[in-house]
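In: predicted model and sequence follow; I will ask about them next.
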Amino acid sequence: MNNLVGILSEFNGLKYFQSEEEITSKDLVVVSTPFIDYVTSIYKLRPILEKELDNSEFSSFFPPIIRKANKQDEITYKDNLKKSKEITKFTQKVSNDLKLEMKVLNTYIDISKEKILITFVAEGRVDFRELVKSITSQYHLKVELRQVGSRDVAKTIGGIGPCGLPLCCSTFIKEFDTITLNMAKNQLLAPTIPKLSGQCGKLFCCLKFEDDAYTSITPKFPKAGFEFDYKGKKYKVMSMNVLTEIITCSHENSIETFTLEEFNRVKEGKEKITVSSIKSDINEGVDLSGKGMDETNKRFDIVKEEEKQIEKNISSISSNNNNKFNKHFNKHFNKHNKFKKFNNFKHKNNSNNNSSSSGFIKVDSIADKSVLDVRPTNKNEDK
């Protein structure tokens with residue numbers, strides 16, 4: 001037993017079963033649920049965790065499968081798929097005729113072929129007694145209708161949430177918690193239901209994840225609209241960020257921000273600046289302890305020593321490279337006559353040349369004196 005077999009259904013959610021047989025994700029299995037025993041495909045395989053094995057209630061959490069599907073089970077599975085679609089369409093048609101506000105989702109057929117389970121979703125309670133009679137008379141089977149919620153439907157279908165990740169309900173949530181609008185208000189979110197609703201149409205399940213943390217933190221912050229005096233003016237709390245502990249306040253057209261510590265000081269009539277709010281970076285050269293400048297000077301000395309060492313390394317590398325290059329150059333090029341002739345020609349040319357080392361040419365050495373006839377141009381001629 002290496003893996004746990006995950007089976008997904010509207011009426012049972014994502015349920016894991018244990019198996020003594022070697023099973024792959026492409027196999028079919030026969031499982032037993034409190035509602036029906038049926039042949040189904042595998043939704044997910046995952047390894048067993050050590051803490052799960054050590055749990056004394058391992059077998060109750062992960063009941064064993066009935067068996068890995070044999071050839072007869074595979075034939076039954078294919079037949080049941082066709083028949084379940086037929087029953088689902090018939091049930092929806094009858095419910096529409098009876099004007100029942102319900103949407104039929106799926107039909108599950110028991111391996112004994114004596115019982116069927118039909119799942120449906122509806123906003124309120126549905127009186128489906130006449131519907132059950134119609135289905136029973138049509139198929140001569142024991143019928144059980146089970147109403148599921150919209151969250152169960154989203155869990156079965158799956159999808160991508162507004163965060164860009166797969167839906168929590170279709171990945172790891174096993175049981176749904178009660179989500180209220182107060183959780184959104186507690187996290188300082190605008191209580192607009194459409195923006196806080198998931199694909200199921202209900203409030204986000206993730207509002208529950210951080211509710212305890214916000215419950216313990218938010219009492220430390222003022223409520224929106226709280227008024228206080230600051231610099232002789234009446235300021236009002238507009239908004240706050242619990243994670244960064246920044247409180248934004250306003251007075252007419254002026255905006256002022258406070259940290260939580262600064263806000264508590266100002267509320268008590270003290271100055272805004274606190275000891276802990278001053279930067280403690282020693283490179284700033286400011287430290288109320290009086291040791292800041294000493295630490296800064298030590299840092300400067302370390303930096304200077306590092307710069308000297310870097311310059312020393314660069315100069316040594318440069319000199320070594322120059323020596324190597326000169327040796328290589330003299331060895332391979334001074335042997336060639338053409339290069340020697342070029343050097344002799346260059347040396348001779350330089351000695352006979354009237355130009356100065358600065359690069360300027362004497363007027364006497366210019367053959368064409370017309371290049372010296374230069375006159376300033378008018379502004380209109382300069383096009």
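Out: That came in fine, so what should we check first?
In: surely T76 and I111 touch.
Out: Yes: using CB atoms under 8 Å, T76 is in contact with I111, at 6.7 Å. Heads up, the C-betas are built off the backbone N, CA and C, glycines and all.
In: so what does R67 have for phi and psi?
Out: phi -170, psi 160 (degrees, to the nearest 10).
In: for it, which non-adjacent residue is spatially closest?
Out: Using CB to CB, 6 or more residues apart in numbering and skipping residues adjacent in sequence, the residue nearest R67 is V30, 5.2 Å away.
In: what strand or helix carries the one you found?
Out: Using DSSP states H and E, V30 sits within strand 28-32.
In: same thing with V94?
Out: V94 belongs to helix 71-97, assigned by DSSP H and E.
In: circling back: can you get me a residue count around the residue nearest to R67?
Out: By the measure other CB atoms under 10 Å, the count of residues near V30 is 18.
In: could you do F209 as well?
Out: 12.
In: got it, and I135?
Out: Neighbour count for I135, taken as other CB under 10 Å: 22.
In: quick one: the strands in the stretch 201-350 of the chain?
Out: For the stretch 201-350 of the chain, applying DSSP state E, counting those that start in this stretch gives strands covering 227-230, 233-241, 246-251, 254-259.
In: on that earlier part again, list the buried ones in the strand holding V30?
Out: Buried residues in strand 28-32, counted by 16 or more other CB atoms under 10 Å: L28, V29, V30, V31.
In: pull the distance from the helix or strand that that strand is followed by to the chain's centre.
Out: Of the helices and strands lying after strand 28-32 in sequence (DSSP H and E), the nearest is strand 37-41. Here strand 37-41 is found 36 Å from its chain centre; the criterion is CA atoms, centre = their mean, to the nearest Å.
In: equivalent analysis for stretch 176-194, please.
Out: 21 Å.
In: same thing with stretch 40-48?
Out: Going by CA atoms, centre = their mean, where stretch 40-48 is centred and where its chain is centred differ by 26 Å.
In: what's the answer for stretch 221-239, then?
Out: With CA atoms, centre = their mean, you get 35 Å for stretch 221-239.
In: hmm, who's touching that stretch?
Out: Outside of stretch 221-239, the residues within contact range by CB atoms under 8 Å, 6 or more residues apart in numbering are 188, 240, 242, 247-251, 254-256, 260, 263, 266-267, 269, 272.
In: which of these count as buried?
Out: M240, V242, I247, C249, E256, L260, F263, V266.
In: and the third one, what are its bridge partners?
Out: Going back to what we said before, that points to I247. M240, F258 (DSSP bridges).
In: returning to what we had before: out of the strands of the stretch 201-350 of the chain, which is closest to V94?
Out: The closest of these to V94 is strand 233-241. By CB to CB, the value is 54.3 Å.
In: re earlier: are there residues contacting both of T76 and I111? Which ones?
Out: Residues touching both T76 and I111 by CB under 8 Å, 6+ apart: V39.
In: circling back: neighbouring strands of the strand holding V30 in the sheet, and parallel or not?
Out: strand 37-41 (antiparallel), strand 67-68 (antiparallel).
In: and among those strands, the most buried is which?
Out: Mean neighbours per residue, mean count of other CB atoms under 10 Å, is largest over the strands paired with strand 28-32 for strand 37-41, with a mean of 20.
In: immediately after that strand, which helix or strand?
Out: Using DSSP H and E, the next helix or strand after strand 37-41 towards the C-terminus is strand 44-47.
In: ok, back up a step: what would the strands of the stretch 201-350 of the chain look like in JSON lines with distance to T171 and mean pLDDT?
Out: Below are the strands of the stretch 201-350 of the chain laid out as JSON lines (distance: least, CB to CB, whole Å; pLDDT from 0 to 100):
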{"stretch": "strand 227-230", "distance to T171": "46", "mean pLDDT": "86"}
{"stretch": "strand 233-241", "distance to T171": "29", "mean pLDDT": "87"}
{"stretch": "strand 246-251", "distance to T171": "33", "mean pLDDT": "89"}
{"stretch": "strand 254-259", "distance to T171": "38", "mean pLDDT": "87"}
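In: and these as CSV, adding distance to I87?
Out: Formatted as CSV, the strands of the stretch 201-350 of the chain follow (distance: least, CB to CB, whole Å):
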stretch, distance to I87
strand 227-230, 65
strand 233-241, 54
strand 246-251, 59
strand 254-259, 63
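In: so which of those strands gets nearest Y38?
Out: Evaluated over the strands of the stretch 201-350 of the chain, closeness to Y38 peaks at strand 233-241, with 51.3 Å, by CB to CB.
In: now the closest one and strand 246-251, what's the angle there?
Out: Orientation check (axes from the mean of the first three to the mean of the last three CA atoms, to 10 degrees): strand 233-241 against strand 246-251 gives 150 degrees.
In: can you point out the buried residues in strand 233-241?
Out: Judged by neighbour count using 16+ other CB under 10 Å, the buried positions of strand 233-241 are Y235, V237, M240.
In: identify, from those residues, the entry nearest to E306.
Out: M240 (44.1 Å).
In: state the distance from the closest one to F263.
Out: 9 Å (CB to CB, to the nearest Å).
In: cool, and M238?
Out: To F263, M238 is 12 Å away according to CB to CB.
In: do the same with F17
Out: The gap separating F17 from F263 is 55 Å, by CB to CB.
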